[in-house]
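Undergrad: Got a sequence here, can you build the structure:
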Amino acid sequence: MQRRQLLVGGASLMALSGCATAGAMGGTGTASADELAIAKAVLPVQTPRAELLQPWTGPYEGVPPWPSVTADKLRAAILEGIELQRAEIAAIANNPEPPTFANTMVAMQLAGQPLDRAVSIFGVMTSNIGSDDYNAVDTEVSPLLSAAGDETTFNEPLFQRIRAVAVSARAAGLSPEQTRLTERSRDAFIRNGAALDAAGKAELGRINTALANAFTSFGQKVVADENTWTVIPNEAGVAGLPDSNKAAAAAAARSRNLQGWAIVNTRSSVDPFLTFADDRNLREQVWRKFVGRGDNGDRNDTNAIIAEIVRLRAHRARLLGYANHAEWRMQDTMARTPAAAVELMMRVWEPAKARVTREVADMREIAGHDIEPWDYLYYAEKVRKATYDLDQNELKPYFELNAVKRGAFYMAERLYGFTFTPVPAGSVPGFHPDVEVFEVKNKSDDSHVGLFYSDDFARAGKRSGAWMTSYRIGYGYEGGGNKLVSNNNNFIKAEGGQPILISLDDAQTLFHEFGHALHFLSYEVRYPALGGTPRDYVEYPSQVHEHWVLSRPIIDGFMRHYETGEPMPQALVDKIEAAATFNQGYATVSYLSSALVDMDLHTRATPPTDIDAFERESLARYGMPREIAMRHRLPQFNHLFTSDAYSAGYYSYLWSEVMDADTWAYFEESGDVFNPDIGARYKAIILAEGNSTDRAEAYRRFRGRDPDVAALLRVRGFPTS
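TA: Purely as a prediction, here's the structure:
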């Protein structure tokens, strides 16, 4: 996420993926020479001293200087970068010339570029390396960055200039895109406190700084709790696990100087164990450790931090004139209101619970006992085998990690004309030796698009899960330029060059995160402030790309048996398709329970102080099946408590899935899931426009109508009426 999209609302700084693009209303050309000249003339001439504030050099229009990055250098760069940005904002705000789009709005797009470079590096190092020295920098500078954002928002002369440009937009003859940029900037300033009096601004600044500190502490505690494991000393304890998972667990133990096997406390290690391990007592032990992250009453317990975060959020919402945090957060979303989001969630929640009842009954027949949460995935596999003659172990030999990545590249080439080629060895540094770098080009004319950094493996200090990050986006107002993006996963590395076999679910996750990368690589954005799309749109372009994993061309070309080289037989594909809606009760309830509790937490008039009790009570009100745990319990819910980004917004995956399912139906109904006309329109309208146009209107231009929620229900195998 580009930091200049976050000049207001200082407590929301993140290095995680936020999807953005642009183009239709303003095209992809540069801003006029006069416009840029005026904007640049406003800003003071400054020469950064810190090494990590300098323009990036090297090939491909410059790349991040990873080999020279240290925590001390990063700290110095951010501290100086804040000062440089402060001087630029002061120059814009105090300009004696009357406010215009060029000397105010374009100048703001230019402000803070050295700090942008440092913050891009900062996000990567804290998320992917996370050592003590980087954690110390994170703890120190996060509140300072928050305060710097507030300082910009609370700058009264600056706000008055922005408001004046917005008021005179029509008279000044601004284009629709320029008008949208100006009005959205004005509204964002107001939403984040620019219209408060001096006392209100001071209080809001205190809240945002406190939140920034709490976000950093929460994230570090969860990472520390995930850097634990369950040791299994005897081979009987890993009975049932596929050979590839056994090998990974053995490697994890050896890397920690342990005897036997180690199940690391992250989802990529825990889920396979819960799915295949025969030892029920060990499954319970691993499950309890995993769902208990952040909730053990020790120094990594997060409950008190969560209580403080929700208290501060509620206070901030009231200060800004909103009933609760969710109402404030959802002002700039497609759903608009908590009620609209809850309405969609409840439409899916009830049929999902009904499906769970059926799934549990099927599992009890096989198990002969009640199903506990640590049993669910294990016996679901037994039911899958009995019902569909489909064994997940039968699938894994066809999903070798490098082959799956090549399949994703093929998808990008067929749909959007992108090609991915490894860069010459040693030509582009990475932030870790495991990182692979690919050059992205347009196949039609061999023109350069950008670089794709692929960071696939788990390591100590790296946060769990999978995500996408952008290091740089070439925006049209300065002439464009190449794009630097990365995907980050947590696969367990094999030893001795052995193939890394992943599950179908892991393959879909890889395609999902790659979809985020394709969104950024497709950017035709003129102004950075029009880059970030609404939170409940962000996941749409990534989710739809999951569907291509099992398309026949990708199966035939890439999902080949790692030993025999044979493509997946049609009989096995048929079994997968027949079982496509299998276990959707579990998948939907585990996700949706987290989204419902998130919304419940952030719409409360009085924020709870006992977080565990609140979680239990909220789930009970919704009738949560006892056999399933939330996908993300509150004590480890990074989406909610490492920033404001997904707070009161975890529903967005479901909102996006309505568009995703409807889009996939569009491709399927055409008779060609790689339909070139639909693919070209999807890229031009959905990916390339970003927030330069209203996203609901953009979907109507693409699809010819609003998305149909029935498509989502059909994909999940639920009744559509």
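Undergrad: so where do the strands sit in the protein?
TA: Secondary structure of the chain by DSSP state E: the strands cover 229-232, 261-264, 418-422, 436-442, 447-457, 467-472, 483-491.
Undergrad: Mind listing what's buried along stretch 392-399?
TA: Neighbour-count burial for stretch 392-399 flags Gln392, Asn393, Leu395, Lys396, Pro397, Tyr398, Phe399 (criterion: 16 or more other C-beta atoms under 10 Å). From N, CA and C alone the C-beta is placed, and that goes for glycine too.
Undergrad: Which pLDDT value goes with the first one?
TA: For Gln392, the pLDDT comes out at 82.
Undergrad: That one reaches Thr275, doesn't it?
TA: Yes - look at Gln392 against Thr275 with C-beta atoms under 8 Å: they come within range, at 6.8 Å.
Undergrad: what's the overlap in contacts for the two?
TA: Each of Glu381 lies in contact with both Gln392 and Thr275 under the rule C-beta atoms under 8 Å, 6 or more residues apart in numbering.
Undergrad: Tell me, how many residues neighbour Gly515?
TA: Residues lying near Gly515 (other C-beta atoms under 10 Å) number 26.
Undergrad: my guess is it meets Glu546, correct?
TA: Yes - between Gly515 and Glu546 there is a contact at 7.4 Å, judged by C-beta under 8 Å.
Undergrad: Roughly how far does the closest residue to Ala367 other than its chain neighbours sit from Pro625?
TA: The shortest distance from Ala367 to any non-neighbouring residue, by C-beta to C-beta, 6 or more residues apart in numbering, is to Tyr379 (5.2 Å). Distance of Tyr379 to Pro625, computed by C-beta to C-beta, to the nearest Å: 14 Å.
Undergrad: Please apply the same query to Pro635.
TA: For Pro635, the distance to Pro625 equals 20 Å [C-beta to C-beta].
Undergrad: same question, Gly149
TA: Counting by C-beta to C-beta - Gly149 and Pro625 are separated by 42 Å.
Undergrad: Ok, Glu439 next?
TA: Plainly put, Glu439 is 48 Å away from Pro625 if you go by C-beta to C-beta.
Undergrad: Ala648 too?
TA: Counting by C-beta to C-beta, the gap from Ala648 to Pro625 is 24 Å.
Undergrad: Next: Gln85.
TA: Where Pro625 is concerned, Gln85 sits at a distance of 50 Å (C-beta to C-beta).
Undergrad: so where's this protein shaky on pLDDT?
TA: When residues are selected by pLDDT under 70, those of the chain lie in 1-31.
Undergrad: mind redoing it with 50?
TA: Applying pLDDT under 50 to the chain picks out residues 1-30.
Undergrad: okay, which residue of it is out on the far edge from center?
TA: Centroid-distance maximum for the chain: Pro96 at 41.5 Å, with C-alpha atoms, centre = their mean.
Undergrad: Please name the residues that touch the residue nearest to Leu687 when sequence neighbours are not counted.
TA: Here the nearest residue to Leu687 in space, its sequence neighbours aside, is Ser522; by C-beta to C-beta, 6+ apart that works out to 3.8 Å. Going by C-beta under 8 Å, 6+ apart, Ser522 touches Thr21, Tyr416, Lys683, Leu687, Ala688.
Undergrad: Quick check: the farthest pair among those residues?
TA: Spatially, the most separated pair among the contacts of Ser522 is Thr21 and Tyr416, at 12.3 Å (C-beta to C-beta).
Undergrad: Which of the two has more residues huddled nearby?
TA: Thr21 (29 against 20).
Undergrad: in stretch 710-721, what counts as buried?
TA: Ala710, Ala711, Leu712, Leu713, Val715, Arg716, Phe718.
Undergrad: got those residues as CSV, with distance to Asp612 columns?
TA: CSV is the format used below for the buried residues of stretch 710-721 (distance: C-beta to C-beta, whole Å):
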residue, distance to Asp612
Ala710, 38
Ala711, 37
Leu712, 32
Leu713, 33
Val715, 34
Arg716, 30
Phe718, 31
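Undergrad: List the ones among the residues you listed that fall in helices.
TA: Counting by DSSP state H, the part of the buried residues of stretch 710-721 found in helices is Ala710, Ala711, Leu712, Leu713, Val715, Arg716.
Undergrad: quick check, nearest of those residues to Ser594?
TA: Lowest distance from Ser594 to those (C-beta to C-beta) belongs to Arg716, with 16.5 Å.
Undergrad: Name the nearest residue to that closest one, ignoring sequence neighbours.
TA: Distances taken as C-beta to C-beta, 6+ apart put Gln584 closest to Arg716, at 4.7 Å, once the chain neighbours are dropped.
Undergrad: beta partners for the closest residue to Leu258 other than its chain neighbours?
TA: Computed as C-beta to C-beta, 6+ apart, the closest residue to Leu258 that is not its neighbour in sequence is Val231, at 5.6 Å. Val231 has the following beta-bridge partners by DSSP bridges: Ala262.
Undergrad: Could you pull up the residues touching Val231?
TA: Counting by C-beta under 8 Å, 6+ apart, Val231 makes contact with Ala253, Leu258, Gln259, Gly260, Trp261, Ala262.
Undergrad: Any of those buried? List them.
TA: Ala253, Trp261, Ala262.
Undergrad: ok, the second one to Thr228 distance?
TA: Trp261 sits 15 Å away from Thr228 when distances are taken as C-beta to C-beta.
Undergrad: next one: the last one
TA: When distance is defined by C-beta to C-beta, Ala262 is 10 Å away from Thr228.
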